[in-house]
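>>> Quick one: sequence plus predicted model below, questions after.
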Amino acid sequence: EMKCVEREADVRELQTRSKALVSEVERKEETIQVSLVAKIGLEENMEQLKEEMKQLSVEKEEALSLLSAVEDEKEEISSILSAVVEEKEETLSLLSTLKKDNDETLALLSNAEREKEEALALLL
C-alpha cells in the first residue's frame, strides 16, 4: 500500500512536469509565430525558426506522450488500490468471522469449565 502511495506521488509529480512542459511548448510556439511574422523577409531566419518549430513540435509530442503514460500509470495505481481495498475488506471479514469463532470457543470453554466444576462438586 505504501508502494502505491509512493507511485501515486511520482505520478502526480510527472503529471505536473508534463503539464508544465506542454504549457512551455505552447508559449514557445506562440513566440515563434510572432517572430515569423516579424521576420518574414529574412529567409535565413525563417529556416531557423522552422527548425525550432519542428523541435518544439517533437517536444510537445513527447510531453503529450509522457502525460498519456502518466494517465495510464494513474489508472494502474487506481486499479491496484481498488484491489488492496478489496483485499482489506476480505481480511476484515475474515477477522470478524475469526473473532466470532473465538468468542464461541471461549463461551464453550467457559461452559465446559462450569460443567466441570459442577461435576466435581457433585462428586465431592
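Yes, it's here. Residues are numbered from 1 along each chain as shown.
>>> Going by C-alpha atoms from here, please, whenever you check contacts or count neighbours.
OK.
>>> From the contact counts, what lies against the helix or strand harbouring Ser23?
Assigned by DSSP states H and E, Ser23 belongs to helix 2-38. Where contact means 3 or more CA pairs under 8 Å, 6 or more residues apart in numbering; DSSP states H and E, helix 2-38 is packed against helix 43-123.
>>> Quick check, pLDDT for Met46.
Predicted confidence (pLDDT) for Met46: 67.
>>> mind listing what's buried in the helix holding Ser23?
The neighbour-count check on helix 2-38 (16 or more other CA atoms under 10 Å) flags Glu8, Val11, Leu14, Gln15, Ser18, Lys19, Leu21, Val22, Val25, Glu29, Ile32, Leu36 as buried.
>>> if we take the residues you listed, which one ends up nearest to Glu89?
Glu89 lies nearest to Glu8 out of the buried residues of helix 2-38, by CA to CA, at 21.5 Å.
>>> who's in contact with that closest one?
Neighbouring residues of Glu8 by CA atoms under 8 Å, 6 or more residues apart in numbering: Lys74, Ile77.
>>> Start at 49, not 1
Sure, I'll start numbering at 49, so the last one becomes Glu56.
>>> Including pLDDT and distance to Ala131, could the buried residues of helix 50-86 go into TSV?
TSV is the format used below for the buried residues of helix 50-86 (pLDDT from 0 to 100; distance: CA to CA, whole Å):
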residue	pLDDT	distance to Ala131
Glu56	86	15
Val59	88	19
Leu62	89	24
Gln63	90	23
Ser66	90	28
Lys67	91	29
Leu69	89	33
Val70	91	33
Val73	91	38
Glu77	90	43
Ile80	85	48
Leu84	66	53
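>>> will you turn those into CSV that also has distance to Glu49?
What follows is the buried residues of helix 50-86, written out as CSV (distance: CA to CA, whole Å):
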residue, distance to Glu49
Glu56, 11
Val59, 15
Leu62, 20
Gln63, 21
Ser66, 25
Lys67, 27
Leu69, 30
Val70, 31
Val73, 36
Glu77, 42
Ile80, 46
Leu84, 52
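>>> Which single one of those residues is nearest to Ser158?
Using CA to CA, Glu56 comes nearest to Ser158 of these, at 50.0 Å.
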